[in-house]
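Undergrad: Pasting the sequence and the predicted coordinates here, then a few questions.
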Amino acid sequence: MWKGRPKSFLSCLLLAVVAMLFVLTPSLYGKEQKKGPERVIPDRYDVWSMDWSPDGRIAFSGKKERETGPQMRIWLYKPGAKSEPVLWTGTGSMIDTSPKWAPDGSGVVMVRKTAPGPEKRELTTAIWWKEYPSGAGKRLTSGPLDRDPDWAPSGETLVFVRGDGLYTSSLMTIQKNGLGLKTLLANVQGFIATPGWGKNNKIYYTLLRQKKTRVEVAGYQSEAWGLDHGSIWVYDVNTGENRPFLENGEDNRHPAVSPDGRYLAYISTGGQATPEGKVVRDRGSLFVQDLQSGKKYFICDGVSLNGGPPCWSPDGKVLAFFSFRDNRPAVWSLNWRDYARAAGEAQ
């Protein structure tokens, strides 16, 4: 039937067919084809938490694959530099976690744990400062159960949690020189964790209350105490007001304020449609709330409720989160606006 048709006609027809196939095929560049979250640190490392400096350098808490838990240290890494992470701490029996860069990039505060040993069987923790790049260090708090430091936007003060056993916590502040210790919330019944200090001078934090359950062992009934699901609270530094911010029956944890102070990232079980095909430890989802409008955005699921809190890139465009999605502890990142959809939309 094509006899006598000019070659130019056949070429045009072929181009039209190819163009139609592109129209009918889902776009490779549309949102439905966007790349998934990417691993931040090379997969030769087990990573539990991280933080970005103002110039994009990463400090992370982790160890090399197959090393034991007591070998957890702080490493430095520059993404895109085609270089390996550099070990930054290594002090014998000390276990280093929860690094947080000073707002001016002059150093990192972290939690140093003293592992139990023959002479001292209790695990103790304190907040330490480590100057960059000199590496000079200083202990800021006395412990014995101090954890989860974060900086005030001014860079002059730190907020942290002081534990008193498993079920009592206090929210504290201290100056970066180790002076001026102050109690914001004393002896709260429950487990306070991961406070984040916003530019509105409000501190958002996780609170897990005590929970009593009845268990049966060998036919005998008994009571067991544990921790209930988490809620997010907010403490106003200016007024001293302390109130629930997100308390809705879901497990809500790990608030993290964006660099510009407008958005709050957090982890919640509210976004999981089904646990099938997901690692049990990754039963949370990543959300972002606009603190100005109150609008909430679902970002992605498959996020762990344990490990470090979400971490913002210096420009606020990228969010990193902790996950076991490849069955090892790691931090993953994504451009959060590419994934954001209003919370409650079909997933």
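TA: Alright, I've got the coordinates.
Undergrad: Can you point out the buried residues in stretch 138-147?
TA: By neighbour count on 16 or more other C-beta atoms under 10 Å, the buried set for stretch 138-147 is 140-141, 143, 145-147. Glycine gets a C-beta too; all of them are placed from N, C-alpha and C.
Undergrad: Now the terminal residues of it, how far apart.
TA: Terminal residues of stretch 138-147 are spaced 16 Å apart (C-alpha to C-alpha, to the nearest Å).
Undergrad: Off-centre distance for that stretch?
TA: Mean-position distance between stretch 138-147 and its chain equals 22 Å (C-alpha atoms, centre = their mean, to the nearest Å).
Undergrad: what's the lowest-pLDDT member of the buried residues of stretch 138-147?
TA: Minimum pLDDT across the buried residues of stretch 138-147 is recorded for G143, with 88.
Undergrad: thought that residue was touching A126?
TA: Yes. Judged on C-beta atoms under 8 Å, G143 makes contact with A126 at a distance of 3.9 Å.
Undergrad: Show me the helices in the stretch 1-150 of the chain, by range?
TA: 7-24 (DSSP state H, counting those that start in this stretch).
Undergrad: remind me which residues of it are low pLDDT?
TA: 1-34, 81, 91, 116-121 (pLDDT under 70).
Undergrad: Strands of that one, residue ranges please.
TA: With DSSP state E, counting those that start in this stretch as the criterion, the stretch 1-150 of the chain has strands at 38-39, 45-52, 58-64, 73-77, 86-87, 94-101, 107-114, 124-131, 137-139, 146-151.
Undergrad: what residues does the third one touch?
TA: Strand 58-64 is touched from outside by 40-41, 44-53, 69, 71-79, 85, 88, 96-99, 101, 108, 110, 308, 329, 331, with contacts defined as C-beta atoms under 8 Å, 6 or more residues apart in numbering.
Undergrad: The fourth one too?
TA: When contacts are defined by C-beta under 8 Å, 6+ apart, strand 73-77 is touched by residues 41, 45, 57-63, 83, 85-90, 95-96, 99, 108, 110, 130.
Undergrad: Show me which of the residues you listed are buried.
TA: Buried positions within the contacts of strand 73-77, assessed by neighbour count (16+ other C-beta under 10 Å), are 41, 45, 57-63, 85, 88-89, 95-96, 99, 108, 110, 130.
Undergrad: is it possible to export the buried residues of stretch 138-147 to CSV including distance to G190?
TA: Shown next, in CSV, are the buried residues of stretch 138-147 (distance: C-beta to C-beta, whole Å):
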residue, distance to G190
L140, 24
T141, 21
G143, 20
L145, 14
D146, 17
R147, 14
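Undergrad: Would you mark the buried spots in stretch 122-129?
TA: Neighbour-count burial for stretch 122-129, counted by 16+ other C-beta under 10 Å, picks out 125-129.
Undergrad: Which of those residues sits closest to F324?
TA: T125 (23.5 Å; C-beta to C-beta).
Undergrad: Show me the beta-bridge partners of the closest one.
TA: Taking DSSP bridges, one finds K113, L145 as the beta-bridge partners of T125.
Undergrad: Does it touch K113 like I think?
TA: Yes. Counting by C-beta under 8 Å, K113 is a contact partner of T125 at 4.8 Å.
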